[in-house]
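Participant: Need a 3D model of the following:
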Amino acid sequence: GGSGSGEVVVQPPCLLTDGGTCATSPNFPNNYPNGEGCTITGLPPIGLDVVAFDVEQCFGCSCDHLIVNGLLYCDRWGPFGVVPSDGTMTWASDRSVTRRGWKVCWAG
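Facilitator: Here you go, the predicted model:
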């Protein structure tokens with residue numbers, strides 16, 4: 001750890017991994033559960049490194065989605081290289097169909 005801009009906070013059931021430099025969807029690399037969500041805050045203003053991204057796809061990403069800068073990401077189109085301007089990401093899954101989910105890192 002160290003001082004600086006602060007620590008990234010990952011709400012359960014999402015998980016903070018890799019010594020605090022990555023986050024994953026619940027149960028990753030197994031399928032995420034239905035009807036869950038989380039907010040991740042305190043992200044540094046650097047481009048996100050999307051290691052894995054496989055999320056249920058519906059029109060407009062309205063079913064399951066990861067939100068960065070107000071944009072919804074789903075299917076295999078993650079927020080590759082996107083800088084989270086407000087330092088947050090938000091995850092939500094609906095009540096049907098799950099996939100493997102995602103792993104997103106922000107250092108190295």
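Participant: count of residues packed around Phe80?
Facilitator: Around Phe80 sit 12 other residues, with neighbours defined as other C-beta atoms under 10 Å. Quick note: C-beta positions are derived from backbone N, CA and C, even for glycine.
Participant: show me what contacts the residue lying closest to it once chain neighbours are set aside?
Facilitator: Excluding its sequence neighbours, the residue lying closest to Phe80 (C-beta to C-beta, 6 or more residues apart in numbering) is Val50, at 4.9 Å. Residues touching Val50, when contacts are defined by C-beta atoms under 8 Å, 6 or more residues apart in numbering, comprise Gly78, Pro79, Phe80, Trp102, Lys103, Val104.
Participant: Repeat that for Asp18.
Facilitator: Taking C-beta under 8 Å, 6+ apart, we find Asp18 in contact with Cys105.
Participant: pLDDT at it, what is it?
Facilitator: Here, the pLDDT recorded for Asp18 equals 96.
Participant: buried set for stretch 96-108?
Facilitator: Buried residues in stretch 96-108, defined by neighbour count with 16 or more other C-beta atoms under 10 Å: Thr98, Arg99, Arg100, Gly101, Trp102, Lys103, Val104, Trp106.
Participant: ok, and the closest non-adjacent residue to the fourth one?
Facilitator: Distances taken as C-beta to C-beta, 6+ apart put Ser25 closest to Gly101, at 3.2 Å, once the chain neighbours are dropped.
Participant: ok, that neighbour touching Tyr32?
Facilitator: Yes - the pair Ser25 / Tyr32 is scored as a contact, 4.3 Å apart, by C-beta atoms under 8 Å.
Participant: List the contacts of Val104.
Facilitator: By C-beta under 8 Å, 6+ apart, the contact list for Val104 reads Cys22, Ala23, Thr24, Leu48, Asp49, Val50, Val51, Phe53, Leu66, Gly78, Pro79, Met89.
Participant: Kind regards, and thank you for your time.
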